[in-house]
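**Q** coordinates for the following, if possible.
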Amino acid sequence: MPYITASDGVRLHYEIVGSGSPLVLHLGAGGDSELWRAAGYIEALAAEHRCILFDHRGHGSSDHPTGIADHHIDRYVADVVALCDQLRLERITFYGWSNGLIVGLKLAAEQPALVERLILAGAIGRRVDQDQLISATAERMTGMRERGWWYLLDDMVAAEPSPIPQWFLDRVAATDQGPWFAYTQARPTWGWSPWDALPDVGCPALILVGELEDPDDVMGEVAAVIPEAVRVRVPGKEHINAFLDVQFVLPIVSDFLGDGPRAPAGDVATDR
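**A** The predicted structure is shown next:
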């Protein structure tokens, strides 16, 4: 298995599939890189791109550090930079789902020479102040310790009009919880909000979000701040099933990447 070693000694696993322009695929909490293949993305994307499936720290075959300092957002960004340095990638498209979109925002804002295009799938909340963040984190940690991954999954399952595949739920529920706990506890220590990055994202950005995971269209507000962004809502889907709806998502992604036919007119709702 190929690995890189981060500056803090954490070993990080990656896999390369296909050839062409480099596409770094980064998931969020509870997801190892194999989810991209299981969901049906890789066969299509690897036909045109060098897909780099990345197990970010705490997931899959990478090391699973559990210290709070191990999960500062700067660590996650540095890990992607180290990956690109090892593979000698000068320009990439970064595709981040769930918490991976936060990494993508900071990476694009701080490494404009590296990130050529940005695909962000999922949603973020509106900005909160530090006291609100500390309070929300404490409440969240109580629920996470009591219910584990089902603290997240129960609400998502309840919100989806159609069932979430059992294989997906089983895969997330089997993920090591320690790094997830540390990541959550680290959030108030970052001194940074994803909203800070938005005006500095200078590359084209595609935002994909489930209609039901973002009822107030916060991601429309995000797209309005990023200078060159478009927001696409996946109809009738929450967070997980929006990711799994590859029949809807892949034509839009291919169009954005310039390597596939355009989605049929009227199938995509976009706003700035």
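**Q** C-alpha only now, for contacts and for neighbours.
**A** Will do.
**Q** give me every residue that touches Leu12.
**A** Going by CA atoms under 8 Å, 6 or more residues apart in numbering, Leu12 touches Tyr3, Ile4, Thr5, Ala6, Phe54, Asp55, His56, Arg57, Ser61, Ser62, Asp63.
**Q** and for Gly40?
**A** By CA under 8 Å, 6+ apart, the contact set of Gly40 is Leu244, Val246.
**Q** could you check how far it is from Asp245?
**A** Noted for Gly40: a distance of 9 Å to Asp245, by CA to CA, to the nearest Å.
**Q** pLDDT score assigned to the closest residue to Val222 other than its chain neighbours?
**A** Nearest non-adjacent residue to Val222, counting by CA to CA, 6 or more residues apart in numbering: Leu198, 7.2 Å away. With respect to pLDDT, Leu198 scores 98.
**Q** and what of Arg262?
**A** 38.
**Q** I'd like the numbering to begin with 44 instead of 1 from here.
**A** From this message on, residue numbering opens at 44, which makes the last subject Arg305.
**Q** where do the helices sit along the stretch 44-193 of the chain?
**A** 77-82, 85-88, 116-130, 143-153, 173-190, 193-202 (DSSP state H, counting those that start in this stretch).
**Q** and the third one, what's buried?
**A** Going back to what we said before, that points to helix 116-130. The neighbour-count check on helix 116-130 (16 or more other CA atoms under 10 Å) flags Ile116, Arg118, Tyr119, Val120, Asp122, Val123, Val124, Ala125, Leu126, Cys127 as buried.
**Q** that one to helix 143-153, inter-axis angle?
**A** 70 degrees (axes from the mean of the first three to the mean of the last three CA atoms, to 10 degrees).
**Q** how far does helix 116-130 sit from the chain's center?
**A** When distances are taken as CA atoms, centre = their mean, to the nearest Å, helix 116-130 is centred 15 Å away from the chain's centroid.
**Q** what lies in contact with that helix?
**A** If you take CA under 8 Å, 6+ apart as the criterion, helix 116-130 is touched by Ile47, Ala49, His99, Arg100, Glu133, Val146, Gly147, Lys149, Leu150, Arg230, Trp233.
**Q** counting neighbours, what do you get for Leu195?
**A** Using other CA atoms under 10 Å, Leu195 is surrounded by 14 other residues.
**Q** check what pLDDT it gets.
**A** In this prediction, Leu195 carries a pLDDT score of 93.
**Q** doesn't Leu66 make contact with Leu132?
**A** No. Using CA atoms under 8 Å, Leu132 is not in contact with Leu66; the gap is 10.0 Å.
**Q** who's more crowded, these two?
**A** A count of neighbours by other CA under 10 Å puts Leu66 above the other of Leu132 and Leu66, at 27 against 13.
**Q** and that one, how far from Glu264?
**A** In this structure, Leu66 and Glu264 are 26 Å apart, going by CA to CA.
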